[in-house]
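Engineer: Could you look at this predicted model? Sequence included:
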Amino acid sequence: MALRLCDVQRDTIANRALNELMHHYTVAEEKGGLVLTKKAGDMKLFLHDLDDLHQLDFVHNQQMVREIERLRVRSITIEEQRESWKVRALMAEAELLEATAKTSNNGGCQNVSDPRYASLKRYLAKRFHPDYAPGEGIEK
């Protein structure tokens, strides 16, 4: 007995598989069974039994299971990476706070070993100090 469209529509698994195929194929009933013709091209599939659609659905489900597993593993990897970045960010913040605390504990004074800095500091202090500033006509 040849496979008919009404037989496929009664079987839920076969109907689901046929609906997936109908995205890319057009369905026609012929005396030997169902013929699916690719919408973009001339490829034809011949279905003679419900088992053909059941196997197609099984293969599709297996692919989905593999894809779900791949996505689950990827999700776990991303979550671990995110946690690692979070820990690194927290450690960097702690180091920054510690460095800021050390700077403020020193009273903001920094030991500069460059002698040019010290001489420039003395020169500017002397230049802008009110007792040493040139008057240039302005009374002190």
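Structural biologist: Looks like it arrived, so ask away.
Engineer: After the top helix by length along the chain, which helix or strand is next? Please name it.
Structural biologist: As assigned by DSSP state H, the longest helix anywhere in the chain is helix 50-105. Using DSSP states H and E, the next helix or strand after helix 50-105 towards the C-terminus is helix 115-128.
Engineer: and the longest helix of the chain, average pLDDT?
Structural biologist: Taken as a whole, helix 50-105 has an average pLDDT of 90.
Engineer: Centre of the chain to it, how far?
Structural biologist: 9 Å (C-alpha atoms, centre = their mean, to the nearest Å).
Engineer: Also stretch 17-36?
Structural biologist: Here stretch 17-36 is found 38 Å from its chain centre; the criterion is C-alpha atoms, centre = their mean.
Engineer: same deal with stretch 115-129?
Structural biologist: Centre to centre, stretch against its chain (C-alpha atoms, centre = their mean), the figure for stretch 115-129 is 55 Å.
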